[in-house]
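**Q** Using only what follows, build the 3D model:
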Amino acid sequence: MLDTKKILQENLKALLETRLETSRLNLSKEMKVGDGTLGSIQYGTGNPTLQILETIAQFFELETWQLLSPNLGQASATARKGVRGRNPGDWPFSEIRPIDFRALPSEDRDEIEHQIAYKVKRLRNKGIRKRQS
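**A** Residues are numbered from 1 along each chain as shown. Model prediction:
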């Protein structure tokens with residue numbers, strides 16, 4: 001049987017890690033969810049209402065059910081393939097199938113990959129600067 005609290009805890013932790021430049025307190029304000037509520041979910045002790053789950057999902061542009069599904073409802077890593085064979089790991093885009101991405105013209109794929117790489121690098125640099133402060 002799945003431990004829903006554990007799944008929710010892991011998913012929230014992963015989502016919060018995408019916003020390292022912002023403290024949990026500030027994120028809770030942006031989401032309009034109490035910091036204590038987020039903290040209790042993050043530490044696996046919370047019992048959030050459906051409204052709280054909907055608010056969190058909406059903030060991260062997810063469907064509510066994804067918060068309660070392992071790996072945010074993405075298919076298992078063994079079933080996913082990397083784009084153009086570069087990344088054999090997880091396919092991170094739940095709304096886009098790898099085959100559809102590969103069907104785009106190569107210029108479009110390259111532009112999208114460049115944008116993602118730039119944003120990830122920028123996020124990492126912000127996280128490093130924040131930790132050094």
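
**Q** Give me the secondary structure label for residue 19.
**A** Here residue 19 is coil, with the state taken from DSSP: H, G, I helix; E, B strand; the rest coil.

**Q** chain center to the helix-or-strand element of the chain with minimal mean pLDDT: distance?
**A** Counting by mean pLDDT, DSSP states H and E, the chain has its least confident helix or strand at helix 98-103, which shows a mean of 75. Helix 98-103 sits 21 Å away from the centroid of its parent chain (CA atoms, centre = their mean, to the nearest Å).

**Q** for that helix, packing partners?
**A** Other helices and strands packing on helix 98-103, by 3 or more CB pairs under 8 Å, 6 or more residues apart in numbering; DSSP states H and E, are helix 106-132. From N, CA and C alone the C-beta is placed, and that goes for glycine too.

**Q** So which elements touch the helix it packs on?
**A** With contacts taken as 3+ CB pairs under 8 Å, 6+ apart, helix 106-132 sits against helix 98-103.

**Q** Now the helix it packs on: buried residues?
**A** residue 101 (16 or more other CB atoms under 10 Å).

**Q** ok, now stretch 100-119?
**A** residue 101.

**Q** Got the domain ranges for the protein?
**A** As assigned by automatic domain parsing, the chain contains the domains 4-73, 81-132.

**Q** Lowest average confidence across those domains, which one?
**A** Looking at those, the lowest mean pLDDT belongs to domain 81-132 (a mean of 69).
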